[in-house]
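1. predicted model follows, preceded by the sequence.
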Amino acid sequence: MHILAAGDHFVSPGLLAGAVRAELGGDHEVAELTLPWPVEPFGPVGTVLEASGTEEQVIEALAGAEIAVTQMAPFTKQVFAAAPGLKLVSVCRGGPVNVDLEAATEAGVAVTYAPGRNAGAAAEFAVGMILAAMRRIATSSAELLSGTWRGDYYAYDQAGLELGGTTVGLVGYGAIGSRVTKVLVAFGAHVLVADPYADRAAVEADGARLVELDELLRHSQVVSLHARLTGETRHLIDKSKLDLLPQGAVLVNTARGGLLDYAPLPEALRSGRLGALALDVYDVEPPPADWALRDVPNVIATPHLAGASRQTAERAAAIVAAEAGRYARGEQLANLANPDVLRRRP
Ligand SMILES: NC(=O)c1ccc[n+]([C@@H]2O[C@H](COP(=O)([O-])OP(=O)(O)OC[C@H]3O[C@@H](n4cnc5c(N)ncnc54)[C@H](O)[C@@H]3O)[C@@H](O)[C@H]2O)c1
Ligand SMILES: O=C(O)[C@H](O)COP(=O)(O)O
């Protein structure tokens, strides 16, 4: 069998190919393709979002492949049309946003994905960002290293908040939001959750309360975003929603830049409306040189790092290799994103 391992600098082609060889044995031809990373600014929500590399690159590398394993490669209608032998695309992402699922189904190609493979890493990182922002860990460190010892941080009106006893609002209760909840509850925080699709009983069993978004925003001193970016969630938090937050609230976004309207943020921070902002994701990645939040107080910014742990990369490669193994043995795939494809097969 011919297999394409299309990786990037995070989940490398070598890591993917090694896992596939270990799963399938050595009798198969595994081609390796390296895609650029970091990705270009993300495209609009559509059929294929957040892909990396070009269709031409993928078409050339596929060359007769029956299986492709990847994180970011674009699988568009054109790619499926040019690869008639392709039967399985296994994507090691939380959602196969780089695959046109309709075109895959039409072409009879099964698509699998990897829900939760980086949820532990992203949840730990989000909690780290929440703590760093609440207690000014990152900004005070940067100030001290640049020569400023700020005694006023001890003053009552400048001092940070403890997590214990503080109300934290989590927007989105999926693989990451639910993990963040459990950690925050263990710290003694009161956790509010807004997610129109969440199971109330599951939220309550985790020690949190399911509420409407506006209620969450009105009552949370800290708000952390954990929803997926869809047509429905784009700019879920805009100026009108920011205005609902208590004065001096902390806002954390480790999910997707598109969830948040970035335009009102500089003024909200300068005026103290927002007490701190912690970001791992941006409306444009990387943010431009003249980024409006670069010289604004109380901003923490990391380069889209939340999901990037060693375990995530290893787990990702193992998950797609296991799906390739199931396909090769004729077994049921574990996480099929386009079940309709089964109806199209003889
Ligand atoms: N920064 C990083 O490195 C990094 C890493 C992994 C994931 N992420 C991002 O984190 C986010 C969460 O990932 P996940 O794996 O938990 O996703 P998930 O699919 O498991 O959960 C997303 C949740 O969002 C909820 N949701 C949908 N519409 C909503 C709405 N209108 N309001 C509130 N909630 C809504 C869904 O019901 C679901 O529970 C995603 O945006 C993902 O892309 C970022
Ligand atoms: O780090 C990320 O944000 C990802 O690499 C992709 O996340 P996703 O797999 O949930 O799309």
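-> Looks like it came in fine. Ligands and ions are numbered 1, 2, ... in the order given.

2. list the contacts of the closest residue to ligand 1 within the stretch 101-250 of the chain.
-> Nearest residue of the stretch 101-250 of the chain to ligand 1 (C-beta to the nearest ligand atom) works out as Gly174 at 1.7 Å. For glycine as for every other residue, the C-beta is placed from the backbone atoms N, C-alpha and C. By C-beta atoms under 8 Å, 6 or more residues apart in numbering, the contact list for Gly174 reads Asp195, His226, Ala227, Arg228.

3. mind checking the backbone torsions on it?
-> Backbone geometry at Gly174, expressed as degrees, to the nearest 10, gives phi -100, psi -140.

4. quick one: least confident of the contacts of Gly174?
-> Minimum pLDDT for these is recorded at Arg228 (90).

5. tell me the contacts of that one?
-> When contacts are counted by C-beta under 8 Å, 6+ apart, Arg228 touches Gly94, Gly95, Gly172, Gly174, Ala255, Arg256.

6. ditto for Val250
-> Ile130, Ala133, Met134, Leu161, Gln221, Val222, Val223, Leu274, Gly275, Ala276, Leu277, Ala278.

7. beta partners of it?
-> Assessed by DSSP bridges, Val250 has beta-bridge partners Val222, Ala276.

8. how about the residue in the chain that ligand 2 sits nearest to, nearest residue that isn't a chain neighbour?
-> Going by C-beta to the nearest ligand atom, ligand 2 is nearest to Gly94 of the chain, at 2.8 Å. What sits nearest to Gly94 in space, not counting adjacent residues and going by C-beta to C-beta, 6 or more residues apart in numbering, is Pro115, at 5.7 Å.

9. same thing with Lys77?
-> Closest residue to Lys77 apart from its sequence neighbours, by C-beta to C-beta, 6+ apart: Ala103 at 4.0 Å.

10. report the buried residues of the lengthiest helix in the chain.
-> In the chain, taking DSSP state H as the definition, the longest helix is helix 310-328. Using 16 or more other C-beta atoms under 10 Å as the test for burial, helix 310-328 gives 312-313, 315-328.

11. many thanks, I have nothing further to ask.
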